[in-house]
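> A predicted structure for the sequence below; I have some questions about it.
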Amino acid sequence: MHLSRILRQAATLAALCAPAWALCAPQQAPAAQVVVVQATLDADEVPYARFMKGMAVFEQNRQLAPAATLRFRLYPRARDASFDGLVLTLAGGGHDMRIELDAHQGFTLPNLPELARAGALVMTNKKSGSYAWRVDIRTPGLPPNTRRLGDLRLECKVDMKGAELRRIVRNPSLAALSAVDDPCTYRSFENPFFAERPLFNVTLVWGTRRESLAAEWLYANSARHLPEAVYALADWRYTRDRQYVPPIADRSWPDDTLVEFEYMDDETDAGAQR
Amino acid sequence: MKTTHLMLSCIVSSALCAALAGCAADGNGEVAALTQQRAASLLVAGRTTRDEVRGRLGEALVSRFPSGQEVWFYQYADSPARFVRYVPVVGRMTASGTQVKELKILFGADGRVKKFKLQEIRLQ
């Protein structure tokens, strides 16, 4: 019984872990139309309908982060990814609207079902693969350099059950699991997140309970057995120093648990701390 | 029944194979007895080099970054879990909840210690 559970989890992990190209191919422009091309060929883009689906999942699961707001965000993905001159556009269905980006390349989108039905795209003016697209859910008023675990849980759920922005294998077994259950609640399903800057230490804090993440859960170390070529398919190849995997499936940590970050460039006294 | 035996064999053999690699990643075992004071004297920010650390503590699990910075990890677990924790899936299942002692060292692009952290960690 125990062994079969382990093997089932192993199979789930194997099905879920290997990254791959999962985003859809760029859509073709309708024939016999004259358009002014302002976007880059093979642009970094995501169907607007996915964001809409993510927004719906967010509303259905607000209990995980009652005070939080939903945004989306771009992180650098390609080695030479730059945010200089970045323009984000919602285009399709006769609309072409520029989306405002904040200082952290975060953005919100309007709720326009007709555009989703018309196959509209959210696109950048940069080459495909330049950015890692992410759900960004944040409860206001948290202490500096912290995240809230419930916010991260909801980010995972919004992505897996709705927006599907992360580049991971969304194979039939994962699709089936997502259809009947929430993959984010499985300990064997790794959920990497990005911090603001290169990380040195990540600590979960709930009351007097404090636990730091071990080596395995930082810098994509858990993927170190994979061939180097696989890294090219992942979102974190050039941002491993910001990557961490919090235990969002471990319900012994409440949603209000704080995830504290110590960054590589933070000053510390003598360096030795418990 | 045969299938179960085969699966058990696979898991056990994987664990044994990985035990060798796991021990190597732990360095020379110095971390087991390392105290905060001893670590502070051993790892001096801006001075101690990677070669010096390797010479004292052995080979580490190393994370290298495009910035040129590196983070080295040394772990010690006083339980059988230390022998299987590097086995994909199996190690994770077995080691979950295990308390380990972990020394983490950040090296700057110049190859010298920037800071370190020695702490007890419960593996997820």
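Received it, and whenever you're ready, just let me know what you need. Numbers count the residues shown, from 1 in each chain, chains lettered A, B, ... in the order given.
> So residue B:112 is in contact with residue B:46, correct?
Yes - assessed by C-beta atoms under 8 Å, residue B:112 is found in contact with residue B:46 at 5.8 Å. Backbone N, C-alpha and C define where each C-beta goes, glycine included.
> Of these two, which one has the most company?
Neighbour tally, residue B:112 and residue B:46, criterion other C-beta atoms under 10 Å in any protein chain shown: the higher count belongs to residue B:112, 17 against 10.
> How about residue 101: what's its closest non-neighbour residue?
This is for chain A. Leaving aside its chain neighbours, residue A:101 sits nearest to residue A:107 (5.3 Å; criterion: C-beta to C-beta, 6 or more residues apart in numbering or on different chains).
> Actually, chain B is the one I wanted.
Closest to residue B:101 by C-beta to C-beta, 6+ apart is residue B:76, at 4.6 Å.
> Mind pulling up the pLDDT for the one you found?
Model confidence at residue B:76, given as pLDDT, is 90.
> what about residue A:196, how many neighbours?
Neighbours of residue A:196 under the rule other C-beta under 10 Å: 12.
> do residue B:73 as well
Around residue B:73 there are 22 residues (other C-beta under 10 Å).
> With residue A:169 instead?
Neighbour tally, residue A:169, other C-beta under 10 Å: 16.
> Residues in a beta bridge with the most centrally placed residue in chain A, which ones?
Chain A has residue A:134 as the residue nearest its centroid, 3.6 Å off, counting by C-alpha atoms, centre = their mean. With DSSP bridges applied, residue A:134 shows beta-bridge pairing to residue A:73.
> looking at it, residue B:77 is touching residue B:100, isn't it?
Yes - proximity of residue B:77 to residue B:100 meets the contact threshold set by C-beta under 8 Å, at 4.2 Å.
> Residues that sit against both of the two, list them.
Among the neighbours of residue B:77, those also in contact with residue B:100 (C-beta atoms under 8 Å, 6 or more residues apart in numbering or on different chains) are residue B:123.
> quick revisit: tell me how far the residue nearest to residue B:101 lies from residue B:121.
From residue B:76 across to residue B:121, the span is 11 Å (C-beta to C-beta, to the nearest Å).
> that older thread, hmm, the residue nearest to the centre of chain A is touching residue A:73, no?
Yes - using C-beta under 8 Å, residue A:134 is in contact with residue A:73, at 5.0 Å.
> Which stretches in chain A count as helices?
A:2-17, A:48-60, A:113-117, A:149-158, A:172-180, A:228-231 (DSSP state H).
> And the helix or strand containing residue B:104, what's buried?
Residue B:104 is located in strand B:99-107, with elements delineated by DSSP states H and E. By 16 or more other C-beta atoms under 10 Å in any protein chain shown, the buried positions in strand B:99-107 come out as B:100-107.
> would TSV of the residues you listed with pLDDT be doable?
Listed next are the buried residues of strand B:99-107 as TSV, based on pLDDT from 0 to 100:
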residue	pLDDT
B:100	90
B:101	93
B:102	95
B:103	96
B:104	97
B:105	98
B:106	98
B:107	98
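> thinking again about what came up before, quick check, pLDDT for the residue nearest to residue A:101.
Per-residue confidence at residue A:107 stands at 98 (pLDDT).
> Nice, that's everything, thank you.
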